[in-house]
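**Q** Can you look at this prediction? I've put the sequence above it.
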Amino acid sequence: MNKPTSQLVPPASNELEISIFGPGYGESIVLHIGNGEWILVDSCLEPYSGEPAALTYLTALGLGVESSVKLIVATHWHDDHVRGLAQILDKCKSANVVLSEALRVEEFLTLVAVYRKRAIATLLP
């Protein structure tokens, strides 16, 4: 995604939207599932800002990611699909997280901790 130059318009409440980011290194999918609710699949970083592409896009739409993102899906643990995942988890406070059954909670927390400077033990129930 190029650096936003104007305010984008979010989809209508009854519209489904699928946005794909990462034609270079990394991939991420952002889905509007209706009623202002969003799903993020994987994470990649914007080359110009170093921020997660999904968060950059949703912020450009004028959305509050803290409450509008309902689900975060990590399909697998390749670097080009998880860069920025820790930042997404920090910002999307009301989202549930789905990951491969092959990864236990302890392994997930260890991997996310590797990609950021502080532990995320506060996410555990």
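**A** Arrived safely, thanks for sending.

**Q** Sort out which residues of stretch 36-50 are buried, please.
**A** Judged by neighbour count (16 or more other C-beta atoms under 10 Å), stretch 36-50 contains these buried residues: 38-46. For the C-beta atoms, the positions are set from N, CA and C on the backbone; glycine is no exception.

**Q** Is it possible to get TSV of the residues you listed that adds distance to Ile20?
**A** As requested, the buried residues of stretch 36-50 are arranged in TSV below (distance: C-beta to C-beta, whole Å):
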residue	distance to Ile20
Trp38	14
Ile39	13
Leu40	12
Val41	9
Asp42	10
Ser43	13
Cys44	10
Leu45	15
Glu46	14
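
**Q** all strands for this structure, in order.
**A** Here the chain has its strands, by DSSP state E, at 17-21, 28-34, 37-41, 69-74, 96-99.

**Q** was I right about Val82 contacting Ser43?
**A** Yes. In this structure, Val82 sits in contact with Ser43. The criterion is C-beta atoms under 8 Å, and the distance is 5.9 Å.

**Q** Need the residues touching each of these two.
**A** With contacts taken as C-beta atoms under 8 Å, 6 or more residues apart in numbering, the residues that reach both Val82 and Ser43 are Ala74.

**Q** returning to that earlier point: would you list the strands of the chain in a markdown table and tack on mean pLDDT?
**A** Conversion of the strands of the chain to a markdown table gives the following (pLDDT from 0 to 100):
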| stretch | mean pLDDT |
| --- | --- |
| strand 17-21 | 95 |
| strand 28-34 | 96 |
| strand 37-41 | 97 |
| strand 69-74 | 95 |
| strand 96-99 | 90 |
